[in-house]
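Participant: sequence plus the predicted model coming up.
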Amino acid sequence: MDGQDVKPGFQDRLRLVIGDQAPFRWAREVGIGKSTFDGLWNKGTRPQLKTLLKIAWETDISLSWLLTGKGGHKLPSTSEEYQPITLCSQTEPLNTLYPLHREGYILVPRYSIQECPKAHNFFCQAQQVDHLAFKAGWIIQDLGLDPEKLALIPVQGDSMTPTLNQGDLLLLDRRERLVRSDGIYVVCQKRHLMPKRLQRGFDGSVMIKSDNPIYETQTVQEREAARLTIVGRVVWAGHRM
């Protein structure tokens, strides 16, 4: 990602982040070089990915807000309602709702969800079991994803075999709650979260397909399609060997 991917108004957002602090002293504390910061502060240069990551990590500011100016600028980890949890692989608590790692990685939470909760609060903190790290450049630049809208869940069932098998790990884009284009989505079906291949028809209907030939294709008409509970779109899958 280069500076062209950052939406206009970044300088105003940067001033809001710095507030009343001395700008160059703030930059030094964050770890931004003097010449780099001079370009951002005085010349209107748009930041590179590594600079954005430093700002987001050191200030608890949303990377998505830095990029676009949309949404809240403070991460949930800084709110009064947030309670830190402990990673299964770590011995010290970490503000794990914050998705950025110092070395330029995205920490994506993995959830253990056995069935769809009645309130459809799929990704509550109690369901988190640990996190996996992905290269920030791959997540943001190559896939165009929002690091704060990702989740990892295991495959349940065999309806997508051989493409996806029981226990495979799915990376979900939680922004995709509607079938805007054909792809593999995770839907809540009979109280279970299941990956399915969804295809929208010209009449607004949605075909629900399984790669396992023993399962029949279902067609949901437009009115019923609006009631489909879609959790997210599958953008990556990790297979067991």
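Facilitator: Great, that's in hand.
Participant: and the helix or strand harbouring residue 55, what does it pack against?
Facilitator: Element membership for residue 55 (DSSP states H and E) is helix 49-59. Applying 3 or more Cβ pairs under 8 Å, 6 or more residues apart in numbering; DSSP states H and E, one finds that helix 49-59 contacts helix 10-18, helix 23-30, helix 63-68, strand 100-101, helix 136-137. Backbone N, C-alpha and C define where each C-beta goes, glycine included.
Participant: so who does residue 233 touch?
Facilitator: Counting by Cβ atoms under 8 Å, 6 or more residues apart in numbering, residue 233 makes contact with 172, 173, 176, 183, 184, 185, 186.
Participant: what sits against the closest residue in space to the last one that isn't next to it in sequence?
Facilitator: Of all residues beyond its chain neighbours, the one nearest residue 186 is residue 231 (4.4 Å), with distances taken as Cβ to Cβ, 6 or more residues apart in numbering. Shown in contact with residue 231 (Cβ under 8 Å, 6+ apart): 122, 153, 172, 174, 177, 185, 186, 187, 188, 193.
Participant: let me see the contact set for residue 178.
Facilitator: Contacts for residue 178 (Cβ under 8 Å, 6+ apart) come out as residue 230.
Participant: where does it sit: helix, strand or coil?
Facilitator: coil (DSSP: H, G, I helix; E, B strand; the rest coil).
Participant: and residue 182, what are its phi and psi?
Facilitator: Main-chain torsions, residue 182, degrees, to the nearest 10: phi -60, psi 140.
Participant: what distance do you get for it to residue 15?
Facilitator: As for residue 182, its distance to residue 15 is 43 Å (criterion: Cβ to Cβ, to the nearest Å).
Participant: quick one on the thing from earlier: which one of the contacts of residue 231 is nearest residue 235?
Facilitator: Closest approach between the contacts of residue 231 and residue 235, by Cβ to Cβ: residue 172, at 7.1 Å.
Participant: ok, that closest one - how many residues close by?
Facilitator: Neighbour count for residue 172, taken as other Cβ atoms under 10 Å: 26.
Participant: what sits against it?
Facilitator: For residue 172, the contacting residues are 150, 151, 152, 153, 186, 231, 232, 233, 234, 235, by Cβ under 8 Å, 6+ apart.
Participant: would residue 39 count as being in a helix?
Facilitator: Yes: under three-state DSSP, residue 39 sits within a helix.
Participant: which non-adjacent residue is nearest it?
Facilitator: Per Cβ to Cβ, 6+ apart, closest to residue 39 is residue 45, 3.5 Å.
Participant: before we move on, what SS does the one you found have?
Facilitator: coil.
Participant: kindly provide the distance from it to residue 32.
Facilitator: Separation of residue 45 from residue 32 (Cβ to Cβ) stands at 12 Å.
Participant: tell me which of these two has more neighbours.
Facilitator: Between residue 45 and residue 32, counted using other Cβ under 10 Å, the more crowded position is residue 32 (21 against 16).
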